[in-house]
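A.B. asks: what follows is a predicted protein model with its sequence.
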Amino acid sequence: MPRGKKKCPSCESLVATGVSSCRCGHIFKKKKVAKPKISKRDILKRLVEEPQKNKRVFYQKEMKFLNDLVDKYSLEFMNVVNFHRQFESLTYLRSPKLKDTLDKKFRAFNYVVDESKYPQYNLGEKSGEDRFVKKKRITVKDFLEDN
């Protein structure tokens with residue numbers, strides 16, 4: 001098969017690779033784009049302070065804790081959750097106090113708004129012309145003099 005061509009399974013003619021359908025009417029399926037892989041090591045680097053020594057043992061232990069958290073929550077959630085600080089270990093996230101916070105964040109992460117509870121408004125077409133208001137820069141002195 002020539003380079004840059006693909007074979008149509010219906011009429012067996014050669015077409016360019018970028019074509020989505022053949023002359024005969026056959027439609028080529030698009031290849032699914034793979035989701036970017038989530039690196040657990042990057043999650044650990046973001047959530048946990050890395051020690052100066054014994055990194056191998058540290059990563060083994062923390063990876064076990066991260067896998068436990070991923071089993072309970074999800075990898076996507078652990079990839080986006082943020083505490084605005086780094087912990088010494090992921091065992092802090094398993095403590096009762098932070099476990100409640102993590103549960104709250106997970107519920108917020110999975111929250112879906114039930115749109116059937118809220119009315120839908122149709123605003124219709126816009127009428128009239130837009131009005132552009134030019135803002136005058138006000139200084140403190142101008143503000144105090146107006147009163």
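C.D. replies: Great, that's in hand. Numbers count the residues shown, from 1 in each chain.
A.B. asks: what about the strands in the protein?
C.D. replies: 5-7, 14-16 (DSSP state E).
A.B. asks: could you dump those into CSV with mean neighbour count added?
C.D. replies: Placement of C-beta: from N, CA and C, glycine included. Output for the strands of the chain, formatted as CSV (neighbours: other Cβ atoms under 10 Å):
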stretch, mean neighbour count
strand 5-7, 13
strand 14-16, 13
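A.B. asks: quick check: the nearest residue to residue 88 once chain neighbours are set aside vs residue 89, distance?
C.D. replies: Leaving aside its chain neighbours, residue 88 sits nearest to residue 49 (5.8 Å; criterion: Cβ to Cβ, 6 or more residues apart in numbering). Distance of residue 49 to residue 89, given as Cβ to Cβ, to the nearest Å: 9 Å.
A.B. asks: give the closest residue to the residue positioned nearest the centre of the chain in space, chain neighbours not counted.
C.D. replies: Geometric centre of the chain, nearest residue: residue 80, 7.2 Å, by Cα atoms, centre = their mean. Leaving aside its sequence neighbours, residue 80 sits nearest to residue 109 (Cβ to Cβ, 6+ apart; 7.2 Å).
A.B. asks: ok so, going back, more neighbours: residue 49 and residue 89, which one.
C.D. replies: Between residue 49 and residue 89, counting by other Cβ atoms under 10 Å, residue 89 is the more crowded of the two (15 against 11).
A.B. asks: which residues touch that one?
C.D. replies: 48, 61-62, 65 (Cβ atoms under 8 Å, 6 or more residues apart in numbering).
A.B. asks: which one of the residues you listed is nearest residue 42?
C.D. replies: residue 48 (11.3 Å; Cβ to Cβ).
A.B. asks: what's the burial count for the closest one?
C.D. replies: Residues near residue 48, counting by other Cβ under 10 Å: 21.
A.B. asks: relative to residue 99, how far out is it?
C.D. replies: Applying Cβ to Cβ to residue 48 and residue 99 gives a distance of 16 Å.
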